[in-house]
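*Asks:* sequence and predicted structure are below.
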Amino acid sequence: PGPAARVESQLPARGASLMKAWRYRGFPGQESSASCNPQIVHGLSSTPNDTMPSFGERINTFLTDSVWCSVPITLPDDPHLLSRATKRGDSVGDARPPNWLPSAYDRNTRLADVILFWNIPQHFSPYLQEADTVWSQALTTALSGASSATNADGLEVILNRMVAKLNDGHGAVTSYYSKPRPRALPLTWIMLDGQLVVTWADPTLAPEVHAGDIVVSIQGTPVDTLVKAAREIRSASTSQYMDVRTANTLTAAAPVDTVVLGLLASSGASRTVRVRRVLDETPNEPRPERICEIAPRVYYCDLTRITDADFEANISALSKANGVIFDIRGYPGQVSVAPLAHLTSTALESERWGTPVVTRPDRKLMRFDTSIWKLEPKAPRFRGHCVFLADAHAISYAETYLAFVEHYKLAEILGEATAGTNGAITTVRLPGGFAITITGMRVMKQDGSIHQGIGIHPTVPVKRTIAGISEGRDELLDAAIRLVAR
């Protein structure tokens, strides 16, 4: 266990004995927005509760087919007894060689990283039971790979494959060994019905690439091969978000200055083009102005690009409009949930945020400290027909937004299902320079159903098509304009 927090003793009742045990609130990572708080809890053996095991409780289990262990998870709160027990054993000491530092090039470090990380989901994950994976098998496979790997790249692949088994949209591996991403191509693409489809290309920097082209190869490697490899090392809670992560991964598939793309046009003609990596950041598909009148008395408001100040500056026009289309196909990183307060006349409650409280190994009897937050209505009330555009790029905070809309029926949700991942992110730092992020909270929707792996589904399903992309149309936005104008 990690370092103990400040200990607060309780006075025992007459004839009762004190005991102590570990309790974790959140993940035991070095960095955690899930508020990890490892501590020694003191309590009376005569009053066990859900945060403290009973006095004398032990974990009895097989570690392997031939190794069995029995480990007490409570101890008497008697320093004299514990000091006598400690003196019976010899000190292990520090067996590290002088000046030794953990490194991914060291076999012991690689094995330790696998073991350390495996234990985090095993004992603390709020979602391992939903991951549909044999986690013990992931350990065996990863240990074998870490033993034979020879460098940091090999270990990074092994850790990524472990994280992929968790089916967690927040799951990712970083390290200071990682190579910087190459410069970006002047185009965007998505996975659509199992194909990699160009959705936009800069007419000046990539004049031979057109929206609607299907990418069949990158630098001579078939896209099907690249997709399969990407899905083995990327984690996602839903198939639609796996498509998002796969497409993002393929943008760096060929880290060379000029990338050779094999394309198939909508006409069926195939061709090979060369595109230079010239942008510092991956571009976004063009959209209308952040806030604008997109049709007579119908306003467009892109929540992924506006700030609270932008919203307040336009609130008068938005509140008087016949319709407002809120675009949340992405992450609303600069705006609060304040816009939602203008769509309701009653107070709203958020999803339920459950922080794990762990007192036993293997997530046994895990419970959750649950919290919510409320959103009070604000004037002016928007009276027009409101619609939210959504797709699998909407993850985490974006889904918090849409959960309000879904549960309280504040507006139509048009488009496709979201990523299906929400809750505070926990960062686990490992020896040798690796860090892994995973979801550290169990989030339940307002109706008590689970959010992870489900997400928010549209009330008006609209899917993109290659024909619409080829014609340069935003099919979701077009459908929303028609919806609010009727």
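*Replies:* Perfect, I can see it now.

*Asks:* beta partners of the closest residue to residue 78 other than its chain neighbours?
*Replies:* Spatial nearest neighbour of residue 78, excluding adjacent residues (Cβ to Cβ, 6 or more residues apart in numbering): residue 18 at 7.6 Å. Placement of C-beta: from N, CA and C, glycine included. Bridge pairing for residue 18 (DSSP bridges) gives the partners residue 44.

*Asks:* quick one: the strands in the stretch 1-150 of the chain, in order.
*Replies:* Assigned by DSSP state E, counting those that start in this stretch, the strands in the stretch 1-150 of the chain fall at 18-25, 31-32, 39-44, 58-62, 68-72, 75-76.

*Asks:* average pLDDT for the third one?
*Replies:* Read it as strand 39-44. Across strand 39-44, pLDDT averages out at 55.

*Asks:* stretch 248-265 too?
*Replies:* Mean predicted confidence for stretch 248-265 is 96.

*Asks:* likewise stretch 208-224?
*Replies:* 98.

*Asks:* ends of stretch 249-260, what's the gap?
*Replies:* 17 Å (Cα to Cα, to the nearest Å).

*Asks:* nope, stretch 326-339 is what I was after
*Replies:* End to end - Cα to Cα - stretch 326-339 spans 10 Å.

*Asks:* now what about it, what contacts it?
*Replies:* 284, 287, 300-308, 310-311, 375, 378, 386-391, 393-398, 400-402, 404, 411, 415, 476-477 (Cβ atoms under 8 Å, 6 or more residues apart in numbering).

*Asks:* and that stretch, what's buried?
*Replies:* Across stretch 326-339, burial judged by 16 or more other Cβ atoms under 10 Å covers 326, 327, 328, 329, 330, 332, 335, 337, 339.

*Asks:* with stretch 473-482 instead?
*Replies:* Residues of stretch 473-482 classed as buried: 474, 475, 476, 477, 479, 480, 481 (neighbour count, 16+ other Cβ under 10 Å).

*Asks:* ok, the fourth one - contacts?
*Replies:* This points to residue 477. 288, 294, 300, 325, 327, 389.

*Asks:* which of those fall in strands?
*Replies:* Judged by DSSP state E, the subset of the contacts of residue 477 located in strands is 294, 300, 325, 327, 389.

*Asks:* for those, which one is nearest residue 427?
*Replies:* Relative to residue 427, the closest of those is residue 327; by Cβ to Cβ it sits at 29.9 Å.

*Asks:* returning to what we had before: which among the contacts of stretch 326-339 end up buried?
*Replies:* Using 16+ other Cβ under 10 Å, the buried members of the contacts of stretch 326-339 are 287, 300-306, 310-311, 375, 386-391, 393-396, 398, 400-402, 404, 411, 415, 476-477.

*Asks:* where do the helices sit along the chain?
*Replies:* All helices of the chain, identified by DSSP state H, fall at 79-87, 107-124, 135-148, 152-164, 223-233, 239-250, 308-313, 315-320, 397-408, 466-470, 475-485.

*Asks:* how far out from the middle of the chain is the last one?
*Replies:* When you say that, I think you mean helix 475-485. Counting by Cα atoms, centre = their mean, to the nearest Å, helix 475-485 is centred 30 Å from the centre of its parent chain.

*Asks:* pick out the residue closest to the middle of this protein.
*Replies:* Central residue of the chain (Cα atoms, centre = their mean): residue 170, 1.6 Å from the mean position.

*Asks:* for that residue, give its distance to residue 200.
*Replies:* Distance, residue 170 to residue 200, by Cβ to Cβ, to the nearest Å: 27 Å.

*Asks:* what's the answer for residue 369, then?
*Replies:* For residue 369 relative to residue 200 (Cβ to Cβ), the value is 45 Å.

*Asks:* report the mean confidence score over stretch 366-373.
*Replies:* Per-residue scores along stretch 366-373 average to 93.

*Asks:* same check, this time on stretch 74-90
*Replies:* pLDDT averaged over stretch 74-90 gives 63.

*Asks:* change the start of the numbering to 604 and stick with it
*Replies:* Happy to do that; since the first residue is 604 now, the last one works out to stretch 677-693.

*Asks:* let's see stretch 953-960 as CSV, backbone CA atoms only.
*Replies:* The C-alpha trace of stretch 953-960 is given here as CSV (Å, rounded to 0.1, in the frame of the first residue of the first chain):
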residue,chain,number,x,y,z
SER,A,953,-25.8,15.7,-13.1
GLU,A,954,-24.9,12.1,-13.6
ARG,A,955,-23.8,10.2,-10.4
TRP,A,956,-20.1,10.3,-9.8
GLY,A,957,-18.9,7.2,-7.9
THR,A,958,-15.4,7.3,-6.4
PRO,A,959,-14.2,3.8,-5.5
VAL,A,960,-13.7,3.0,-1.8
